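Engineer: Below are the sequence and a predicted model for it; my questions follow.
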Amino acid sequence: MFKKILILITIALSLVAQTTTDTKFTNKTTATTDSFGNTVFNQDVTIETNNFKVDNFWIKFQNGGAAQSNHSTISKSATVEISIETSSLCSIYTDLDKEGCSGQKPFLINDEAIENKNVGDTISLIFQKDYDMTNDTILYTDNNASLFYPLDIDRDEKFYKSQHDNSKSFFGIFEKIFNVFFGDNSFFGGFFNFGVVDNSNQPVEDVRQRYIANIVSGVDQNHLLEKDVTDIEKDASGYKLNTPVSLIDYTEKIVENGGCNLFFFKFSESSPFCNIIGGLPFITIFSNTTPTTTFEIDTIQTDTENSLITFASSYTGMTVSEYQNASVYQAQSVDDATFYNPISAMSSMMKFFLFGPQDQDEYNKIEEPMDTYYKFEDEDAVNLTFAVTNDGDKIDDFQTFKLTGIHSLTGNERMCRVKESNDYDNWTDYTFKPEGTSSQTFTDLGAVETETWCSRWRGDSPLSEGWCSSFSRYEVPTNLDTVQTLKTPDEWLSWCDTAMETYTPTTTEVCDYVFIFPVNCRDVIDPIFVDGYQIAEYVNTSKRGLILDLKLINLDINDPANTVRYKIKTVR
Amino acid sequence: MRNGSVAIVPLLLGIFTLFWFIWFLGGSSDTLHRVNNVENLQHLQERLLLSAAKYRFEYERANPGLTDDEYEAVTDIYIDNMMVNNKIQE
């Protein structure tokens, strides 16, 4: 009886037992960085099916077989690799080809930079192309903790060039982003109309487009930099992965009047930013050549700055005026010891990076650098993955940052050396700088009235007749009080500016002679005399700098800016 | 009896062979069929492993803040549905 009940229960249980499936996740590994800078972790997944029954159809024709076979557990497990890549732009523009996007941006930092924290956990890095201001090429130093450098990494054409269907090509998207951000339909196209050349005067439009594309959407998947593999070389022979990448190098030579419209990123023409920039930057140092109105802009820096501003702003859905209105514009005094914002800690370095290493005395000719910056909130900030190198030979690691602030720096360098040869000023040759130089007299020479005296100094009465010998006659001014003024260095510099603006240079041909035959003829600029004073040397330069505030982050799977990829590693 | 009526013998043999073959097939396919079904299930499981991982983490991305157990439960329901769709379970 008992046996029967047991059998019945067993049969009943086996009939009632439903097929069920369990999905289990186990053994999640801690996240690490892979050789491309993405965050990677592994997760074991198991799918287990219990009480799986197989009905046997053929039993009808069968000589003794089971009508149903029952499998208590059938399971499969796998280790799945989950990699997180930051691709902020492609997470918005979903019609972009994913192969053309990645988190890697074309920037290189030294490993020391990661420890270079200023305030809190913010790292401020200065864009650096020309380190010592003497060389046209990028001078990389392998232990500078404050700088980031641009890299030229190749890119498949389809991932940045215009295609038939402009709307879906990468370049079409960039054009749209830039034009929408700047509110100007022709902005992006017009940007490339300036004559940008490389060191050997060759056009570099393609390089620029590639560089901008690599900033905005990241390096494409076919040209990713790889840890311990990609070399950094200055003479890149090819651009494929595993071959050297080059530190980028081009400049823009503009032979036009200055103004804010020359900058890719346009501030309002009436803004203080533009006022300091307006008409600048240019350098005119008189030498044996005709002064030129050509001035040079570090286009790579401009491209970097404006691509980042456009990219980061587009990501948060801002317009250019919203960006400008929320930007903080302030002077950065070198002497200011109060740290009222993160960048102040670096303010003394700013002059150095804007104007290069100079003697303390030389600083005096530089006006206060100005900083225009915008601060992005953490949740709106884009992520950037930078290549990290230990000694500049190869890429040793990657670090991902949140771009929390962009600082556009400007500095103005002014100097004017004036010589005088009149009898009234008690100085002869003086160099005026905005700070630290003393005021000097300026005499309106045309308005000076004189009397003739026997002595250089006025005696009891003026000479009316030919008493003293002609050797001791002196023209002594009578109205110096009214025609002579004390000008401050700033006033002198303004005088120089006005004089230079209105002065038309004249030249004289000077030749070397072999016997009587002229050789090696050249135009030599005539000495510049204005109001009886000679302007011997004149510098009026504006320089720009770019600082990024970066916050070191670990890539979070829940960050919508990130792309997550799944890959089966092993199946058991 | 007419000559040639013997010709029915191969016909009968043929019919007999056919029935035997069906009987034979039925017996041998028992194992074969069972193995096939189990293998199909395992293939399905294998294909669903990646989907399960993807579903779990994409769900987490869309609905952050839950516990691991909750994500696992949601994924479990998803895979169960897949099993129902594939007639593995009801």
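Structural biologist: Yep, it's here.

Engineer: quick one: low-confidence parts of chain B?
Structural biologist: Within chain B, the stretches with pLDDT under 70 are B:1-4, B:25-35.

Engineer: helix/strand/coil for the most centrally placed residue in it?
Structural biologist: Central residue of chain B (CA atoms, centre = their mean): B:Asn37, 3.2 Å from the mean position. State at B:Asn37, reduced to three classes by DSSP: H, G, I helix; E, B strand; the rest coil: helix.

Engineer: any idea how far it lies from B:Ser51?
Structural biologist: Distance from B:Asn37 to B:Ser51, counting by CB to CB, to the nearest Å: 21 Å. In this view, the C-beta of every residue, glycine as well, is placed from N, C-alpha and C.

Engineer: now A:Thr410
Structural biologist: Counting by CB to CB - A:Thr410 and B:Ser51 are separated by 54 Å.

Engineer: who has more neighbours, the two?
Structural biologist: Counted by other CB atoms under 10 Å in any protein chain shown, A:Thr410 and B:Ser51 do not tie: A:Thr410 has more neighbours, with 22 against 16.

Engineer: picking up where we left off before, am I right that the residue nearest to the centre of chain B is in contact with A:Val54?
Structural biologist: Yes. Distance between B:Asn37 and A:Val54: 4.4 Å, which falls inside the contact criterion (CB atoms under 8 Å).

Engineer: What segments of chain B are helices?
Structural biologist: Taking DSSP state H as the test, the helices found in chain B are B:8-62, B:68-85.

Engineer: Can you lay out the ones you listed as JSON lines showing distance to chain A?
Structural biologist: Below are the helices of chain B laid out as JSON lines (distance: least, CB to the nearest CB, whole Å):
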{"stretch": "helix B:8-62", "distance to chain A": "3"}
{"stretch": "helix B:68-85", "distance to chain A": "5"}
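
Engineer: any idea how chain A splits into domains?
Structural biologist: Domain segmentation of chain A under automatic domain parsing yields A:2-84, A:87-414+A:545-567, A:440-486.

Engineer: State whether A:Trp427 is indeed within a helix.
Structural biologist: No. Counting by three-state DSSP, A:Trp427 is not found in a helix; it is coil.

Engineer: Do me a favour and get the backbone dihedrals for it.
Structural biologist: phi -130, psi 160 (degrees, to the nearest 10).

Engineer: so it touches A:Glu420, yeah?
Structural biologist: Yes. Counting by CB under 8 Å, A:Glu420 is a contact partner of A:Trp427 at 6.7 Å.

Engineer: Of those two, which one has the most company?
Structural biologist: Ranked by neighbour count (other CB under 10 Å), A:Trp427 and A:Glu420 place A:Glu420 first, with 21 against 11.

Engineer: Contacts only, for that one.
Structural biologist: Listed by CB atoms under 8 Å, 6 or more residues apart in numbering or on different chains, the contact set of A:Glu420 reads A:427-429, A:532-534.

Engineer: of the residues you listed, buried ones?
Structural biologist: Among the contacts of A:Glu420, those that count as buried by neighbour count (16 or more other CB atoms under 10 Å in any protein chain shown) are A:Tyr533.

Engineer: Look up the residues forming beta bridges with A:Glu85.
Structural biologist: A:Thr563 (DSSP bridges).

Engineer: let me redo that: A:Pro203
Structural biologist: Residues in beta-bridge contact with A:Pro203 (DSSP bridges): A:Val197.

Engineer: burial of it, as a residue count?
Structural biologist: Residues near A:Pro203, counting by other CB under 10 Å, number 13.

Engineer: what pLDDT does it get?
Structural biologist: Model confidence at A:Pro203, expressed as pLDDT, equals 72.

Engineer: all helices in the stretch 401-550 of chain A, in order from the N-terminus.
Structural biologist: For the stretch 401-550 of chain A, the helices defined by DSSP state H, counting those that start in this stretch cover A:480-483, A:489-502.

Engineer: Tabulate those helices (a markdown table), appending distance to chain B.
Structural biologist: Converted to a markdown table, the helices of the stretch 401-550 of chain A look like this (distance: least, CB to the nearest CB, whole Å):
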| stretch | distance to chain B |
| --- | --- |
| helix A:480-483 | 78 |
| helix A:489-502 | 58 |
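
Engineer: tell me the most buried of the ones you listed?
Structural biologist: Most buried of these, by mean neighbour count (mean count of other CB atoms under 10 Å in any protein chain shown): helix A:489-502, with a mean of 17.

Engineer: Which neighbouring elements make contact with that one?
Structural biologist: strand A:397-420, strand A:429-432, strand A:440-443, strand A:533-552 (3 or more CB pairs under 8 Å, 6 or more residues apart in numbering or on different chains; DSSP states H and E).

Engineer: Could you dump those into CSV with mean pLDDT added?
Structural biologist: As requested, the helices and strands packed on helix A:489-502 are exported to CSV (pLDDT from 0 to 100):
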stretch, mean pLDDT
strand A:397-420, 83
strand A:429-432, 88
strand A:440-443, 88
strand A:533-552, 79
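
Engineer: Any idea which residue of the stretch 151-300 of chain A lies closest to chain B?
Structural biologist: A:Gln221 (19.2 Å; CB to the nearest CB).

Engineer: right, and that residue touches A:Gly100 too?
Structural biologist: Yes. Counting by CB under 8 Å, A:Gly100 is a contact partner of A:Gln221 at 7.5 Å.

Engineer: list the contacts for the residue in the stretch 101-250 of chain A positioned nearest to chain B?
Structural biologist: At 16.3 Å from chain B, A:Gly103 is the closest residue in the stretch 101-250 of chain A, using CB to the nearest CB. Remark: with contacts taken as CB under 8 Å, 6+ apart, A:Gly103 is in contact with A:37-38, A:85-87, A:218, A:383-385, A:400, A:555, A:562.

Engineer: Among those residues, which one sits closest to chain B?
Structural biologist: A:Asn562 (8.6 Å).

Engineer: what's the neighbour count on that closest one?
Structural biologist: 22.

Engineer: Next one: it from A:Asp549, what distance?
Structural biologist: A:Asn562 is 21 Å from A:Asp549, by CB to CB.

Engineer: Could you do A:Thr428 as well?
Structural biologist: Separation of A:Thr428 from A:Asp549 (CB to CB) stands at 49 Å.

Engineer: ok, now A:Pro477?
Structural biologist: Distance, A:Pro477 to A:Asp549, using CB to CB: 59 Å.

Engineer: Among the two, which residue is more densely surrounded?
Structural biologist: Shown here are A:Pro477 and A:Asp549; by other CB under 10 Å, A:Asp549 has more neighbours (25 against 17).

Engineer: Neighbours of the residue nearest to that one when sequence neighbours are not counted, how many?
Structural biologist: Nearest residue to A:Asp549, sequence neighbours excluded (CB to CB, 6 or more residues apart in numbering or on different chains): A:Gly405, at 3.2 Å. If you count neighbours by other CB under 10 Å, A:Gly405 ends up with 22.

Engineer: A:Gly405 against A:Asp371, yeah?
Structural biologist: No. Look at A:Gly405 against A:Asp371 with CB under 8 Å: they stay out of range, at 10.3 Å.

Engineer: Are there residues contacting both of the two? Which ones?
Structural biologist: Listed as contacting both A:Gly405 and A:Asp371 by CB under 8 Å, 6+ apart are A:Ile547.

Engineer: How about the contacts made by A:Ala536?
Structural biologist: For A:Ala536, the contacting residues are A:286, A:417-419, A:429, A:527, by CB under 8 Å, 6+ apart.

Engineer: okay if I get these as a markdown table plus distance to A:Leu308?
Structural biologist: Shown next, in a markdown table, are the contacts of A:Ala536 (distance: CB to CB, whole Å):
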| residue | distance to A:Leu308 |
| --- | --- |
| A:Phe286 | 37 |
| A:Arg417 | 39 |
| A:Val418 | 42 |
| A:Lys419 | 46 |
| A:Asp429 | 46 |
| A:Pro527 | 46 |
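
Engineer: and which of those is nearest to chain B?
Structural biologist: Within these, distances to chain B taken as CB to the nearest CB reach their minimum at A:Phe286, with 63.5 Å.

Engineer: was I right about A:Thr570 contacting A:Ala78?
Structural biologist: Yes. A:Thr570 is in contact with A:Ala78 according to CB under 8 Å; the separation is 6.5 Å.

Engineer: All set now, cheers.
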